[in-house]
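Participant: Have a look at this fold, sequence not included:
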């Protein structure tokens, strides 16, 4: 069965007209005879939407019960049984009510598509998973309903429903989006002009990327190689040389001139696998490209211009940035070079040849002895200068036994031996010396530099040419071998460091540790110039101008001049090494590491900023939750007390003694309730600050339970108490233990059925006294049990009429502060059992407890959650 097609109407914000467009499309298809049904459309009371639905077949919704309420969801099974050609499904990102069968509506849509049904749906840009954090940063509203990007990208058609922010705000003000009572709040918060403009840009850019993907597929399917200038893409070619930084920055400026342009860097590696440039240079330039918002690519090719143009054509590049050639004019006569060849063959791609300092210095000369050590080169010179004369003396002793050709071959072998040992320059000296010695001792006439016959002259010249050519090849092979080994070592080092950075929780520390270990250094320090210090050379020796960002090893360097090696990373950042000097190859590696260190530092600081923002968001959320919850808890007892006192002071009504007593009792009960709320808030603040006053003493839990029940007044009389005759004593604060029990029992009374009152049971087990508060209410799902111990959590309620949500959080904190714990469990037959465990007094650490109990034993998770809240809401109040 063929998979159905998905069409998505994408909008920047609610109200742009996605549902209207979807229904218009549905009516158009229905009008031309397509079998179409409405799977789910939410009108939100808008008459215009309801009118569009009237003529369409609507699949009845499925009713789902959850926590005593009834909700409606799309009936996927009914749509599948109906098997239409097309189904209209609104709000793709919707989260289904638990018990619906699937968690998200997009999963329902996937079922319809797999059944061959085409689906037309709607989605707002803020619900895309990849943009979730960006939208939250812009609007300040985190989106909990998201759709994976891949689900939307697989859609056959995505149509952007666009509207200017001003028009959307007018539509909002006219009441065409939300109800009248929500308009002012929406316009002043989520629907601010700046928010809508940013969301619109996000939607446009995301659709542009989708269109680019479609265009790339079309070009690939139709084998189109020509450049289509639909979007600016700037490609900069890197050789790994020092001019690379100049080229990258110039290309970034070119890309920045066009909104939405892409920056790409490419390096063409040798196709023979030999290293052309040290990978440390390329790694540093890759970091620079990525820091400027570009991407780095590497391709292999025998012909650099061809490989470069193939890459540029493959990514549909419009501009190509190259460095000016370092070749001399004479060299360009024989070979025009990469820049000239690329420009001539670029076609519709604009080529920029950028001048740089390296171009003035000319092409770097090749160091033919770079592949050999100094000792081997000296040995080669010794063999050439001393070995060749000795060889000539040996050959003169056997002159009658060997022909001239044999003499020439023996000398040629000696030259090759010198080339293998000492490289090209010693081999050239040996070849010239062999040429002269053969002419002097073995060519007639001997004892002179004249040559009698043309054949002898040809033999000597052929010897010299072969000796030079073979020596050059041997030296080149040795140099390439050493370069490959060095490049492999650098690559392995970079790979090791990259792996340690990725695996480490602190990338900067991991990076510096790897540098120190690989190069056997005593200390590695990253220094940053203080903001008020000028960036002048003299400051590199002034410790007062620098601060240590990170250091590993011995005593940290306090200024760049304090170390053996100073690698500037940026104008205000320097990596300082102490231990020994570095050769040029090691310094290149350190330069690459220094660039990574700058990125790691940025990463850590961004993470700190995100954490700080997250903490402030949590503080704001807790403040809002606290205010919304406390508003009711404060208002209710105050209103009750005020009403009772006002009635007693009124002269309009004459109250009897019984009525006066009842009003006074109501006022007293309301004020006690208000006092308990304030006590809970103050105790929670003191608990997290470690400043809660505690007075531990030997007490009996069997006596504490009845007192807690009495504190609950009339409601507490319903509680059934089960206490054995003998219960070991515990060492705890009597008032705080009673507070815990009051919170637990009050919570059980709130959720217990009228015919099944809660039970308070005391027992002793395994050296601990256990107090169980058992109820037969709705209970708490296992997945939510730890949440109830977080402050301001009121599971199952959506209003603010069930308390602040501090009771259980405070109870667990107090229990842990006294050396015990508080854990929930399921009551057999349904309900919740809260078990308070406190160690028997004689068994605390095997002896009588000290007079003070450590408040820091409370759960750190609870203390961390309360830390920010208490500072903002309760100040430093003890």
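Facilitator: Received the coordinates, thanks. Computed from a prediction, not measured in an experiment: that's the story for all the values here.

Participant: what about the helix or strand where residue 603 lies, average pLDDT?
Facilitator: If you go by DSSP states H and E, residue 603 is part of helix 584-649. Averaging pLDDT along helix 584-649 yields 70.

Participant: do the same with stretch 162-178
Facilitator: So the average pLDDT for stretch 162-178 ends up being 86.

Participant: Kindly check the end-to-end length of that stretch for me.
Facilitator: Across stretch 162-178, the terminal residues are separated by 19 Å (Cα to Cα, to the nearest Å).

Participant: Report the buried residues of it.
Facilitator: Judged by neighbour count (16 or more other Cβ atoms under 10 Å), stretch 162-178 contains these buried residues: 162-163, 165, 168-169, 172, 177-178. C-betas here are computed from N, CA, C, even on glycine.

Participant: and what of stretch 816-824?
Facilitator: 816-820, 822, 824.

Participant: Next one: the residue lying farthest from the centre of the chain, what pLDDT does it get?
Facilitator: In the chain, residue 445 marks the outermost C-alpha relative to the chain mean, sitting 83.2 Å out by Cα atoms, centre = their mean. If you check residue 445, the pLDDT there is 71.

Participant: start the count at 44, not 1, going forward
Facilitator: Sure thing, new numbering starts at 44, so read that last one as residue 488.

Participant: From residue 499, how far off is it?
Facilitator: 11 Å (Cβ to Cβ, to the nearest Å).

Participant: Residue 589 now?
Facilitator: Counting by Cβ to Cβ - residue 589 and residue 499 are separated by 74 Å.

Participant: again with residue 224
Facilitator: 113 Å.

Participant: ok, the two, which is more surrounded?
Facilitator: More crowded of residue 224 and residue 499, by other Cβ atoms under 10 Å: residue 499, with 17 against 7.

Participant: Quickly find the element holding that one.
Facilitator: Secondary structure assignment for residue 499, by DSSP H and E: helix 497-546.

Participant: returning to that earlier point: could you dump the buried residues of stretch 859-867 to CSV with distance to residue 254, pLDDT and secondary structure?
Facilitator: Formatted as CSV, the buried residues of stretch 859-867 follow (distance: Cβ to Cβ, whole Å; pLDDT from 0 to 100; DSSP: H, G, I helix; E, B strand; the rest coil):
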residue, distance to residue 254, pLDDT, secondary structure
859, 57, 82, helix
860, 61, 77, helix
861, 64, 81, coil
862, 65, 83, coil
863, 63, 88, coil
865, 57, 89, strand
867, 53, 90, strand
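
Participant: I'd like these as CSV, with distance to residue 260 appended.
Facilitator: Output for the buried residues of stretch 859-867, formatted as CSV (distance: Cβ to Cβ, whole Å):
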residue, distance to residue 260
859, 59
860, 63
861, 67
862, 66
863, 64
865, 59
867, 54
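
Participant: Out of those residues, which is nearest to residue 783?
Facilitator: Of all these, residue 783 sits closest to residue 865, with 7.4 Å by Cβ to Cβ.

Participant: got the contact list for that closest one?
Facilitator: Counting by Cβ atoms under 8 Å, 6 or more residues apart in numbering, residue 865 touches 783, 787, 832, 851, 854-855, 858-859, 877-880.

Participant: Which of these ranks first by neighbour count?
Facilitator: Among these, the one with the most neighbours (other Cβ under 10 Å) is residue 783, at 29 neighbours.

Participant: how about the nearest residue to that residue, chain neighbours excluded?
Facilitator: residue 854 (4.6 Å; Cβ to Cβ, 6 or more residues apart in numbering).

Participant: pretty sure that neighbour is in a helix, no?
Facilitator: Yes. Secondary structure of residue 854 (DSSP: H, G, I helix; E, B strand; the rest coil): part of a helix.

Participant: which ones are touching it?
Facilitator: Counted by Cβ under 8 Å, 6+ apart, residue 854 has contacts 782-783, 786-787, 865, 879.

Participant: Where strands are concerned, which of those count?
Facilitator: Using DSSP state E, the members of the contacts of residue 854 that fall in strands are 865, 879.

Participant: tell me which helix or strand of this protein sits lowest on mean pLDDT?
Facilitator: In the chain, the helix or strand scored least confidently by mean pLDDT, DSSP states H and E is helix 903-916, which has a mean of 42.

Participant: picking that back up, ok, so of the buried residues of stretch 859-867, who is nearest residue 191?
Facilitator: Of all the buried residues of stretch 859-867, residue 867 has the smallest distance to residue 191: 34.4 Å, by Cβ to Cβ.
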